[in-house]
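In: Build me a model from this:
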Amino acid sequence: VYALLWMFKARTKVLMEIENYQGTKASFCLSSAMSTAFGFVVPAFLLLIAVLLNHIEVFSSSLTSLSLFEGLDIGLIVLVAWLGTTIFSDICAFYVGSLIGGKKLCPKISPNKTISGAIGGILGSIIFSVLAYLIMSTNYDFATAMQTLGVNYFVIVIFAIVASLFTQMGDLFISLLKRRASVKDSGSLLPGHGGVMDRCDGLCFNAVWVLIFFVILL
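Out: All right, here's what the predicted structure looks like:
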């Protein structure tokens, strides 16, 4: 970390002169740090999270006992919950916000995000979670395991709402970083998506909630 900070400081002045950067030195340093460090830190963090969630039963004795049910892969269930709530929240927030519009959610941080889009993201997460729970409940082992944990549709809806909120907080956090760095996108690898980090932000934040829910609350 110290070496990276030293490198950013040492090259900032030169790069600002070369690129004729009009912003402040602090914003240029943050932009440089995002493009250099976050480019490999965030994907590596996501892969680590995926591995942890896939082997989540090792963190809890109750989850370990559930993994012993025949045909029940608790790690796969957690991965589906993580990816599904994040993706459906993002998709529904985008389309509902685009179709309905209305009052802005946080105009100073992300001028395109609306309150209607945030509500749409929550509804999308709920719809996915309820449908997934309904489908997987046809498996006797899954239904028995959920009864053992005391999970019902009310718990699933609460889980989905908080998952969507964490996902949207991740989106706003990256938007805040980009605002501070005076850049529009975090990268150009995915045109029209704001960069790879815009695809990772919600996943990283939602993973925290998924871990809290399955390891601590359940």
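In: make it CA atoms for all contacts and neighbour counts henceforth
Out: Will do.
In: Measure how buried Leu172 is and give me the count.
Out: 20 (other Cα atoms under 10 Å).
In: I'd assumed Pro107 was in contact with it.
Out: No. Counting by Cα atoms under 8 Å, Leu172 sits too far from Pro107 to count as a contact (10.5 Å).
In: Overlap of the contact sets of those two?
Out: The overlap between the contact sets of Leu172 and Pro107 (Cα atoms under 8 Å, 6 or more residues apart in numbering) is empty.
In: on contacts alone, who are the packing partners of the helix or strand Ala44 falls within?
Out: Using DSSP states H and E, Ala44 maps to helix 39-54. The elements that helix 39-54 packs onto, with contact taken as 3 or more Cα pairs under 8 Å, 6 or more residues apart in numbering; DSSP states H and E, are helix 74-100, helix 197-211.
In: what's the average pLDDT for the longest one?
Out: For helix 74-100, mean pLDDT is 90.
In: follow-up on the earlier one: could you dump the helices and strands packed on helix 39-54 to JSON lines with mean neighbour count and distance to Ile156?
Out: Shown next, in JSON lines, are the helices and strands packed on helix 39-54 (neighbours: other Cα atoms under 10 Å; distance: least, Cα to Cα, whole Å):
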{"stretch": "helix 74-100", "mean neighbour count": "20", "distance to Ile156": "10"}
{"stretch": "helix 197-211", "mean neighbour count": "22", "distance to Ile156": "12"}
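In: Put together CSV for the ones you listed, with distance to Ile158 on each row.
Out: Shown next, in CSV, are those (distance: least, Cα to Cα, whole Å):
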stretch, distance to Ile158
helix 74-100, 12
helix 197-211, 12
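In: Indicate which one of these is closest to Gly124.
Out: helix 74-100 (5.2 Å; Cα to Cα).
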